[in-house]
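S.K.: Below is the sequence, then the predicted model.
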Amino acid sequence: MNAVVDQIGDLAEAGEKMVERLRRKAFLPDSRKELNVRFGIAEAAQLLGCSTNRIRMAEDDGRLPPAPPTENGRRPGYTVEELLNMRQVLGASPERAPLDVPAIIAVQNFKGGVGKSTVTTHLAHYFAVQGYRVLVVDCDSQATTTTLFGFNPHFNIQREETLYPYLSIDPTQVDLLYAVKHTAWPNVDLIPSNLELFDVEYELAAAGSDGGSVLAARFRKLKQGLMDLARHYDVVLLDPPPALGTISLAVMQAANALLVPLAATTPDFCSTVQFLSMMDQVINQLQTAGIEVDYQFVRLLCSKFDSNDPSHSMVRAIMEQSFGPALLPIPILDSAEISHAALRMMTVYELEKPIGTPRTHKRCRANLDEAMAQIEALVRQGWGRVAPAREEDIVNAA
């Protein structure tokens, strides 16, 4: 082989080793991702939709364990696990009713660099903070989402731990339970990915004259497998490859909702228009072939938006004119805090303290909460419910 071409493998190996070094440095001492974020009593009360007095009363009467004080007498705050227990004790869980259909949301755009995996991971952690049971399925062989959850797809994940044993031509698994991994978040699970998942594409492409029926069978199989798993969750987030391939099509058909992130640039807008046009054609072809595609909602989310950049504002105005109410009104702002967190293989929701200035962190977190809450509202509408009333709203109304 050409010596220059040989360098590609060397570069890949060097990069994989560096990813592992970064992961080990980020997650010392045992190289496993831990969740150390805590919530003060005021923030906990806001999340639960109750007063701080109600939490204190529950601690005083023994329904809730008291938060242990620190050396200086101040509360250290509540963990996510403690928040989940508080929701159960105080009747503040947002979990769907047994007959409500779990939301299975595909986060997709064929244009790379729009923040697809970043949106997916932040959305998962937002739902987790709000108390939902979440499953994230990384269907992209690039495995960015898997990496953000603290796993090295090259060193930590085997092909048998991905979707491959379930979707391959010669499957060795009859359901998807084998692939579910617990994460640092007590209410978020992950089906990881790695580069070997791409073998599914090769196998189905080589299926020969019977490829069409094999493909249709894989579409139905993935949907059935995800529906079986979704019974244990409120929200399932799918991160498909940024390309029109077999896995992407199977994911799009398995979902019951579609979220399309796009950046506020002309190339991203034009590419997204092409993506929507292609999706329309593909869905029509799938339905003609008897493969059902049914979405509860389709929304576009502007990501990486710089409010100080006039070109971004101009392109966003074009988006609003073109997409109307399908474009979510609150964009995700381009923030250094998101980039700094990603460098540590984290989301903003996992940071114990601001990386940049407290003001930048607060602004970024507030924007993410607003942007993600738009999607939460759509999910709850699908269940025939809106956000639960808060104590202060009831008191003020009276």
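M.R.: On my side now, so go ahead.

S.K.: Low-confidence stretches in the stretch 51-200 of the chain?
M.R.: Within the stretch 51-200 of the chain, the ranges that satisfy pLDDT under 70 run 68, 70-73.

S.K.: show me where the stretch 151-300 of the chain has strands.
M.R.: Using DSSP state E, counting those that start in this stretch, the strands assigned to the stretch 151-300 of the chain run over residues 181-182, 188-191, 235-239, 257-263, 298-303.

S.K.: I'd like to know which of the ones you listed is closest to residue 329.
M.R.: Proximity to residue 329 (CB to CB) singles out strand 298-303 among the strands of the stretch 151-300 of the chain, at 9.4 Å. Every residue, glycine included, has its C-beta placed from N, CA and C.

S.K.: Which other helices and strands does the helix or strand following the closest one contact?
M.R.: Beyond strand 298-303 in the direction of the C-terminus, DSSP states H and E gives the next helix or strand as helix 310-323. Applying 3 or more CB pairs under 8 Å, 6 or more residues apart in numbering; DSSP states H and E, we find helix 310-323 packed against helix 266-288, strand 298-303.

S.K.: want to throw these into TSV with mean pLDDT?
M.R.: Conversion of those to TSV gives the following (pLDDT from 0 to 100):
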stretch	mean pLDDT
helix 266-288	85
strand 298-303	92
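
S.K.: Among the ones you listed, show me which one is buried the most.
M.R.: Most buried of these, by mean neighbour count (mean count of other CB atoms under 10 Å): strand 298-303, with a mean of 21.

S.K.: Show me what that strand is packed up against.
M.R.: In terms of contact count using 3+ CB pairs under 8 Å, 6+ apart, strand 298-303 is assigned the packing partners helix 116-129, strand 257-263, helix 310-323, helix 358-382.

S.K.: contacts for it?
M.R.: Outside strand 298-303, the residues that touch it by CB atoms under 8 Å, 6 or more residues apart in numbering are 114-115, 118-119, 257-264, 272, 316, 319, 323, 326-328, 331-332, 371, 374-375, 378.

S.K.: May I see the ChimeraX selection of the buried members of these?
M.R.: Applied in ChimeraX, the following selects the buried portion of those according to 16 or more other CB atoms under 10 Å:
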select :114,115,118,119,257,258,259,260,261,262,263,264,272,316,319,323,327,328,331,332,371,375,378
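
S.K.: Can you point out the buried residues in stretch 301-319?
M.R.: Per 16+ other CB under 10 Å, stretch 301-319 contains these buried residues: 301-305, 312, 315-316, 319.

S.K.: related to what we said a few turns ago, quick check: which of the helices and strands packed on strand 298-303 is nearest to residue 106?
M.R.: That would be, of these and by CB to CB, strand 257-263, which comes in at 5.4 Å.

S.K.: and the angle from the closest one to strand 298-303?
M.R.: Here strand 257-263 runs at an angle of 30 degrees relative to strand 298-303 (axes from the mean of the first three to the mean of the last three CA atoms, to 10 degrees).

S.K.: ok now strand 257-263, how far from the chain's centre?
M.R.: Counting by CA atoms, centre = their mean, to the nearest Å, strand 257-263 is centred 12 Å from the centre of its parent chain.

S.K.: so which of the helices and strands packed on helix 310-323 comes closest to residue 342?
M.R.: The minimum distance between residue 342 and the helices and strands packed on helix 310-323 falls on strand 298-303, with 13.1 Å, by CB to CB.

S.K.: what's around residue 85, how many residues?
M.R.: Close neighbours of residue 85, defined as other CB atoms under 10 Å, add up to 15.

S.K.: Repeat that for the one 3 residues further on.
M.R.: Around residue 88 sit 11 other residues, with neighbours defined as other CB under 10 Å.

S.K.: and what of the one 3 residues further on?
M.R.: A count of neighbours around residue 91, defined by other CB under 10 Å, yields 9.

S.K.: Could you look up the SS state of it?
M.R.: Per DSSP: H, G, I helix; E, B strand; the rest coil, the secondary structure class of residue 91 is coil.

S.K.: before we move on, the earlier item: distance to residue 338 for the helices and strands packed on helix 310-323 - can I get that in CSV?
M.R.: Compiled in CSV, those are given as follows (distance: least, CB to CB, whole Å):
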stretch, distance to residue 338
helix 266-288, 17
strand 298-303, 10
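
S.K.: who wins for proximity to residue 75 among those?
M.R.: Between residue 75 and the helices and strands packed on helix 310-323, the shortest separation by CB to CB is 35.5 Å, and it involves strand 298-303.

S.K.: between that closest one and helix 266-288, how many degrees?
M.R.: For the pair strand 298-303 and helix 266-288, the angle between their directions (the same axes, to 10 degrees) equals 160 degrees.

S.K.: CA atoms of strand 298-303 as CSV?
M.R.: The C-alpha coordinates for strand 298-303 follow below in CSV (Å, rounded to 0.1, in the frame of the first residue of the first chain):
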residue,chain,number,x,y,z
VAL,A,298,-41.8,17.6,13.4
ARG,A,299,-39.9,20.7,14.6
LEU,A,300,-36.7,22.5,13.6
LEU,A,301,-34.4,23.9,16.3
CYS,A,302,-31.9,26.6,15.5
SER,A,303,-28.6,25.7,17.2
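
S.K.: what separates it from the chain centre, distance-wise?
M.R.: Relative to the chain's own centre, strand 298-303 is displaced by 14 Å; criterion: CA atoms, centre = their mean.

S.K.: any chance of the buried residues of stretch 301-319 in a markdown table, plus distance to residue 251?
M.R.: What follows is those, written out as a markdown table (distance: CB to CB, whole Å):
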| residue | distance to residue 251 |
| --- | --- |
| 301 | 18 |
| 302 | 22 |
| 303 | 19 |
| 304 | 23 |
| 305 | 26 |
| 312 | 29 |
| 315 | 27 |
| 316 | 28 |
| 319 | 24 |
